[in-house]
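[1] Build the 3D model from these lines:
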Amino acid sequence: MASLASPSLPSCLLSLLVLLQLPSSHADPFYWVSPGVLVLIAVLPVLLLQIAVGLLFLCLQHRLRGKLRAELENLHRTFDPHFLRVPSWKIALFVIVPVLGPLVALIICYNWLHRRPAGQFLEELRNPF
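    All right, here's what the predicted structure looks like:
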């Protein structure tokens with residue numbers, strides 16, 4: 001080290017050479033691992049993923065902006081009063097079928113059960129074939 005201490009080298013360059021020749025940096029391959037580096041290793045992938053997902057959603061939002069105007073125009077056409085008129089027979093059908101369907105099924109089951117003599121239904125349940 002005495003040869004490095006010549007008066008021709010500036011002092012900052014001398015201190016830099018001394019720092020680069022530290023024996024501990026060559027002996028321990030993990031000298032660079034510190035708590036700050038560990039936090040960086042843990043946080044950096046999550047941060048990059050969040051940025052990538054955010055940019056993806058931003059691109060999708062930009063792509064869908066033009067389509068949204070067209071969809072709004074379609075909605076105006078869809079909810080036009082002329083197209084919203086429902087014929088009365090459809091309304092009657094939607095009201096009568098849910099009422100009459102179970103009623104007809106109940107009448108059929110009642111007649112089927114009461115046509116048989118007492119106990120025959122239970123016998124059929126015990127021996128179906």
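
[2] So which bits of the helix or strand hosting residue 98 are buried?
    Residue 98 is part of helix 88-115, with elements assigned from DSSP states H and E. For helix 88-115, the neighbour count (16 or more other Cβ atoms under 10 Å) marks no residue as buried. Using the backbone N, CA and C atoms, a C-beta is placed for each residue, glycine as well.

[3] Find out how far that helix is from the centre of the chain, if you would.
    44 Å (Cα atoms, centre = their mean, to the nearest Å).

[4] and residue 63, how many residues sit next to it?
    9 (other Cβ atoms under 10 Å).

[5] which residues does it contact?
    Counting by Cβ atoms under 8 Å, 6 or more residues apart in numbering, residue 63 touches no other residue.

[6] And it, what's its pLDDT?
    Looking at residue 63, its pLDDT is 81.

[7] Look up which helix or strand it falls in, please.
    Here residue 63 is assigned to helix 35-78, by DSSP H and E.

[8] after that helix, next one along is what?
    helix 81-84.

[9] Go ahead and measure how far that next one is from the middle of the chain.
    That offset, for helix 81-84, works out to 36 Å (Cα atoms, centre = their mean).

[10] now swap in stretch 42-58 and tell me
    15 Å.

[11] in that stretch, what's buried?
    Applying 16+ other Cβ under 10 Å to stretch 42-58 flags no residue as buried.
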